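# Just need the structure, nothing else, for what follows:
(2 chains)
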Amino acid sequence: MFPELNAILNTSPDNFKQGELILVSDRRADASFLVHHFLSFYLKAGCKVCFLGLAQSFSHYSAVSQRLGVSLTQAKEKGQLIFLEVLNESLDVLLQKTSNTKSQALDFLRDPAVGLRGLYDFVRASVSDSGVGGEDDGGVGTVGRWGPPVLLVDDLTVLLSLGVSVGSVLDFSHYCFVTVCSQLKGNMVTLVRCEGEEDEDEDGDEEGSERLLKGLTHQCCLTLHVQGLPTGFCRDIHGQVEVCWRKTQKDKPSNQRKLFQYKVHDKGASFFARGTSSAVL
Amino acid sequence: MLLELIQGTEGGGLIIIQDSIHYSGRTLLMSFIKAALKRDEVVHLLAFELHEEELKHELGHSCLQRLKFHNAFHDPLGWNENPPFTVHQFITSELDSLLTSNQHSKPVTLVIDSFSFILRHLSPSAVCKTLQQLKKGGAVKTTLGLLHSDMHHRNMMGSICHLATSVLTVAPGHQCHEAVAKTIRRAKSGKISQAVERFSISDDMTVKVQSKPVPVGSGQGEAGDAEVDPTANLTFNLRLSDQERQAKEKLALPFVFSKEKKSALLRPVPGSGRILYEPDANDDYDQEDPDDDLDI
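Down below sits the predicted model:
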């Protein structure tokens, strides 16, 4: 996890708000470093994490998390982490080799029109206290051992490119929010990736990812939007992050926004106010 | 106009609050609910996007007790067992039984959060039909709903808003806690009135309008004062006296093809050259004037 980002968001593994939906998005940039941050953050906080890995393999996340000081393999063995490696499982599903809970979760791969109810059932089973999610579950002994559940999705745009409709993804997100955030007081972090320019007046033929982004923005509490620098490429500053708090404690829409620039290193990322990069000062 | 709508002096109808990702209209919706509860009306809330905990934060416990809350948040599509209320129950027959379950003589306000959720799952024509039947049925005096304008096609929004007696579009204001509301109200006589107002919502959900409503289309908004005269305060004279203005208007511009010029060109001037043409053997001399059909 990135200590500077924790300071910006005013959280720490010992003290974070529960029941939140955090939306991470990017436009022509790569926000996946934030997903690694949240994964290591919640594992260090002792939460039970359900990770839907649609974009990369388990070994990729494991390698990056190792550099951030967290072992995903150990977490999986202890039962703290339930990892759905969609890339690996998808081949079995498409070839109809085995039929287990994970393949039922991915039945949308064969027929996208079916929707994501199967995937939601998998998530619900993984995060609930009875915890019968898949082979890696620790069993009865792990009930109540971990903190509030957390769902991480990397990333939702892959579902759109697999043929699932925007409405189905929004419904899936709604149900996950109800179960994870509202009922179990856990948190949810999703990544949505957009291409193309943001066009305020676009109508009707909007790309699915734009509509998905807007729909999730209405639902969420906190958004982190990653973009390249408006002035172009820079070796020392990799882009900018706009942090927007949509709801304050009293649930009034304050829409407080802050803009930071960031640089990704080998073992983390640093965040700084605009124009205060160490390369510039 | 915004305060009149909140106070309910307009006599009900369908009120739609249009918001966007830049400013959420939910707090304004809560203000409407609180005002209706203060007037001792029966308020039913169909909450698809709002859960009870959040509502408790916004409205307070006492208001929540008096509100008829229908939980459509937990299972709107019936994926789990025993859903309290699903989106497919948004039809006249189900709504009638829901609204008339407690017999009251007080006026009923139906609040929907949000129309966007319903429109994602039901066709706009079905939703419009239900709303129209609700209006005509008499069970509901006021229907109030939230609609996310950036989630739908303009045509779909237009068809829902066409049914509405009032449409409020909210957007963030220039100041931190302020917002701007553009209200379009359709009176029973058919007259349409519009207003743009800046407002803020306090902690107890009361709405304060910051400035007087400016009717849209009156020409001068808040920004423009009297038009500045560009010919004033100059070191040279740009103004025309009456004589000068008359002389200017009389002047014929050189390249304008006026009537006098045309007749002058067409009249043969004596002393001008004549063209003598003797056709050759190979020429095809046609006596007809090729420009005969021109009508200058």
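
# what does the stretch 151-296 of chain B have sitting close to chain A?
By C-beta under 8 Å from any C-beta of the partner chain, the residues of the stretch 151-296 of chain B that approach chain A are B:151, B:153, B:154, B:155, B:172, B:176, B:201, B:203. (Each C-beta comes from the backbone N, C-alpha and C, glycine too.)

# From those residues, which shows the smallest pLDDT?
Across the set of those, residue B:176 stands lowest in pLDDT, at 73.

# hmm, back to that, just the buried subset of the residues of the stretch 151-296 of chain B next to chain A, please.
B:151, B:201 (16 or more other C-beta atoms under 10 Å in any protein chain shown).

# In contact with residue 169, which residues?
With no chain named, the answer covers chain A. A:116, A:156, A:159, A:160, A:212 (C-beta atoms under 8 Å, 6 or more residues apart in numbering or on different chains).

# My question was about chain B, not that one.
B:18, B:19, B:149, B:181, B:182, B:184.

# Tell me where the stretch 1-150 of chain B has strands.
B:13-19, B:42-47, B:68-71, B:108-113, B:142-148 (DSSP state E, counting those that start in this stretch).

# I'd like to know which of those is closest to residue A:90.
Closest to residue A:90 of the strands of the stretch 1-150 of chain B is strand B:142-148 (C-beta to C-beta; 33.1 Å).

# What pLDDT does the model give residue A:122?
pLDDT, read off for residue A:122, is 91.

# Please tell me how far it sits from residue A:86.
When distance is defined by C-beta to C-beta, to the nearest Å, residue A:122 is 11 Å away from residue A:86.

# Name the residues contacting each of the two.
Common neighbours of residue A:122 and residue A:86 (C-beta under 8 Å, 6+ apart) do not exist.

# what's the neighbour count on residue B:254?
6 (other C-beta atoms under 10 Å in any protein chain shown).

# my bad, should have said residue B:83
By other C-beta under 10 Å, neighbour count at residue B:83 equals 17.

# Now do the helices in chain A.
For chain A, applying DSSP state H gives helices covering A:3-9, A:32-44, A:58-67, A:72-78, A:86-95, A:101-105, A:117-127, A:156-161, A:166-176, A:208-219.

# okay, the residues of the stretch 151-296 of chain B next to chain A in JSON lines with secondary structure next?
Putting those into JSON lines (DSSP: H, G, I helix; E, B strand; the rest coil) gives the following:
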{"residue": "B:151", "secondary structure": "helix"}
{"residue": "B:153", "secondary structure": "coil"}
{"residue": "B:154", "secondary structure": "helix"}
{"residue": "B:155", "secondary structure": "helix"}
{"residue": "B:172", "secondary structure": "strand"}
{"residue": "B:176", "secondary structure": "coil"}
{"residue": "B:201", "secondary structure": "strand"}
{"residue": "B:203", "secondary structure": "coil"}
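
# which two from the residues of the stretch 151-296 of chain B next to chain A end up farthest apart in space?
B:155 and B:203 (38.7 Å).

# Which one of the residues of the stretch 151-296 of chain B next to chain A is nearest to residue B:273?
Using C-beta to C-beta, residue B:154 comes nearest to residue B:273 of those, at 67.4 Å.

# May I have the beta-bridge partners of the residue at minimal distance from the centre of chain B?
Chain B has residue B:184 as the residue nearest its centroid, 6.4 Å off, counting by C-alpha atoms, centre = their mean. Per DSSP bridges, residues listed as beta-bridge partners of residue B:184: residue B:167, residue B:194.

# Name all residues that make contact with residue B:40.
Contacts of residue B:40 by C-beta under 8 Å, 6+ apart are residue B:106.

# any chance you could read off phi and psi for it?
Main-chain torsions, residue B:40, degrees, to the nearest 10: phi 70, psi 30.

# what's around residue B:195, how many residues?
18.

# likewise residue B:258?
10.

# quick one: it and residue B:251 touch, right?
No - at 11.5 Å, residue B:258 does not count as touching residue B:251 under the criterion of C-beta atoms under 8 Å.

# Just the endpoints, please. Distance across stretch B:132-141?
Distance between the two ends of stretch B:132-141: 12 Å, counting by C-alpha to C-alpha, to the nearest Å.

# residue contacts, the residue nearest to residue A:86 when sequence neighbours are not counted?
Spatial nearest neighbour of residue A:86, chain neighbours left out: residue A:54 (4.7 Å); criterion: C-beta to C-beta, 6 or more residues apart in numbering or on different chains. Applying C-beta under 8 Å, 6+ apart, we find residue A:54 in contact with A:86, A:87, A:153, A:154, A:155, A:156, A:158, A:159.

# avg pLDDT for stretch A:57-75?
Mean pLDDT, stretch A:57-75: 92.

# I misspoke; the intended subject was stretch A:28-43.
92.

# and the gap between the closest residue to chain B within the stretch 1-150 of chain A and residue A:211?
Nearest residue of the stretch 1-150 of chain A to chain B (C-beta to the nearest C-beta) works out as residue A:117 at 5.6 Å. Using C-beta to C-beta, we find residue A:117 at a distance of 20 Å from residue A:211.

# pull the helix or strand with minimum mean pLDDT from the chain.
You didn't pick a chain, so chain A it is. Lowest by mean pLDDT, DSSP states H and E among the helices and strands of chain A is helix A:101-105, with a mean of 75.

# nope, chain B please
helix B:259-266 (a mean of 72).

# Could I have the CA atoms of that helix written out in CSV?
Taking C-alpha atoms only, helix B:259-266 is exported to CSV below (Å, rounded to 0.1, in the frame of the first residue of the first chain):
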residue,chain,number,x,y,z
LYS,B,259,-32.6,49.4,-60.7
GLU,B,260,-31.0,52.6,-62.1
LYS,B,261,-27.8,50.8,-62.9
LYS,B,262,-29.6,47.9,-64.6
SER,B,263,-31.6,50.1,-66.9
ALA,B,264,-28.5,52.2,-67.7
LEU,B,265,-26.6,49.1,-68.8
LEU,B,266,-29.5,47.7,-70.9
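
# who's in contact with the closest residue to residue A:57 other than its chain neighbours?
By the measure of C-beta to C-beta, 6+ apart, the closest residue to residue A:57 outside its immediate chain neighbours is residue A:87, 5.4 Å from it. Residue A:87 makes contact with A:53, A:54, A:56, A:57 under the criterion C-beta under 8 Å, 6+ apart.

# make it 10 Å
Residue A:87 makes contact with A:53, A:54, A:55, A:56, A:57, A:58, A:60, A:158 under the criterion C-beta atoms under 10 Å, 6 or more residues apart in numbering or on different chains.

# And the contacts of residue A:169, which is closest to residue A:18?
Nearest to residue A:18 among these, with distances taken as C-beta to C-beta, is residue A:156, at 21.9 Å.

# Settle this for me: the closest one is touching residue A:191, isn't it.
Yes - using C-beta atoms under 10 Å, residue A:156 is in contact with residue A:191, at 6.7 Å.

# Between the two, which contacts overlap?
Common neighbours of residue A:156 and residue A:191 (C-beta under 10 Å, 6+ apart) are A:23, A:25, A:54, A:55.

# Mind listing the residues bridging to the second one?
With DSSP bridges as the criterion, the beta-bridge partners of residue A:25 are residue A:192, residue A:225.

# wouldn't it be in contact with residue A:215 here?
No - using C-beta under 10 Å, residue A:25 is not in contact with residue A:215, being 11.9 Å away.

# Now for the two: what residues contact both?
Residues within reach of residue A:25 and of residue A:215 at once, by C-beta under 10 Å, 6+ apart, are residue A:192.

# got any ranges where the chain has weak pLDDT?
I went with chain A, as the question did not name one. Low-confidence segments of chain A, defined by pLDDT under 70: A:97-99, A:101, A:129-144, A:197-207, A:248-254.

# Hmm, no, I was thinking of chain B.
Checking chain B against pLDDT under 70 turns up B:101-104, B:211-227, B:261, B:268-272, B:285, B:296.
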